[in-house]
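In: whatever this is, show me its structure:
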Amino acid sequence: LWGSIVLALAVGAILVAAPSLLSDDLFRYLWDGRVSGHGFDPYEYAPDDPALFALRDGFYARVNNPEIPTIYPPVAQLLFWLADRVDHAPWSVKAMALVLHLFTIPIVSRLASPARANRATLLYALNPLVLIESALGGHVDVAAGLAVSAFALALVRGRVGPAAFFAAVATGAKLIGLVIAPLLALKDRRGAVVAVALSVAVAAPVF
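Out: Down below sits the predicted model:
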């Protein structure tokens, strides 16, 4: 397990330092974090709103869809804000995504059967797509992946409360919780209702 984590960290660190060429999403993340950090509501103000003119900097030109307010849920917004507090630069978002990937690796190890745990852990840790999406692209999907993995583990172990919580967290990162929350009915129907209700509440600001 630790060997897989160290290898993922080593490869990921190289990608964090590499230029962000495949996606401009992380520049929107940085913008949302900057907006929140200055006391504005990213759900109310689009990047090109004149009220935010003073916040424009060298990264503003790469912010996608500047004519619409943010589409990212509250947990994602919290992550953007935290990354921006570390440094208003692409590397902070990418490093945060890499850390989320590293935290997912032990969960994958626990989800796999004991006989296949080491192989599954290594394959996930060094999965090129996951490393590109996290360490190179800084995508918030990695946060959703962590929450979905934790939801799956809680579901397998019959832990209804934690499963409902992680479904809501997944929704707060990427709305995926709205899809997985009903699966809790396999273990507990009331728990599934709670999970769906929490997920809808978390998603409300987006709509």
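
In: give the next helix or strand downstream of the strand or helix carrying Val6.
Out: According to DSSP states H and E, Val6 maps onto helix 2-17. Counting by DSSP H and E, the element after helix 2-17 in chain order, helix or strand, is helix 25-37.

In: now do the buried residues in that following helix.
Out: 25-36 (16 or more other CB atoms under 10 Å). For the C-beta atoms, the positions are set from N, CA and C on the backbone; glycine is no exception.

In: mind giving me the packing neighbours of the lowest-mean-pLDDT helix or strand in the chain?
Out: Ranked by mean pLDDT, DSSP states H and E, the weakest helix or strand in the chain is helix 177-180, scoring a mean of 92. Packed against helix 177-180 by the contact rule (3 or more CB pairs under 8 Å, 6 or more residues apart in numbering; DSSP states H and E) you find helix 141-156, helix 160-174, helix 189-203.

In: deepest in the core, which of those helices is it.
Out: helix 160-174 (a mean of 24; mean count of other CB atoms under 10 Å).

In: who touches that one?
Out: Applying CB atoms under 8 Å, 6 or more residues apart in numbering, the external contacts of helix 160-174 come out as 73-76, 78-79, 140-141, 143-144, 147-148, 150-151, 154-155, 176-178, 180-181, 184, 187-188, 191, 194-196, 198-203.

In: one more: stretch 74-93?
Out: Against stretch 74-93 from outside (CB under 8 Å, 6+ apart): 16-17, 20, 26-27, 29-30, 32-34, 36-37, 42, 57, 59, 70, 72, 95-96, 138, 140, 143, 169, 171-174, 202, 205.

In: ok, now which ones touch the residue nearest in space to the middle of the chain?
Out: Compute the mean C-alpha point of the chain, and by CA atoms, centre = their mean the closest residue is Ala143, 2.4 Å away. With contact taken as CB under 8 Å, 6+ apart, Ala143 is in contact with 75-76, 79, 97, 100, 173-174.

In: repeat that for Asn64.
Out: Applying CB under 8 Å, 6+ apart, the residues contacting Asn64 are 24-25, 27-28.

In: moving C-terminal from whichever helix in the chain runs longest, which element do we reach first?
Out: Longest helix in the chain, counting residues (DSSP state H): helix 90-111. Once helix 90-111 ends, the next helix or strand along the chain (criterion: DSSP H and E) is helix 117-125.

In: now do the next helix or strand after that following helix: which elements does it pack against?
Out: Once the chain leaves helix 117-125, the next helix or strand it forms, by DSSP H and E, is helix 128-131. For helix 128-131, the contact count by 3+ CB pairs under 8 Å, 6+ apart identifies helix 2-17 as packing neighbours.

In: buried ones in the helix it packs on?
Out: Those would be 4-5, 8-9, 11-12, 15-16, for helix 2-17 by 16+ other CB under 10 Å.

In: residue contacts, Gly138?
Out: Residues near Gly138 by CB under 8 Å, 6+ apart: 20, 25-26, 29, 90, 93-94, 96-97.

In: distance-wise, check it relative to Gly191.
Out: 33 Å (CB to CB, to the nearest Å).
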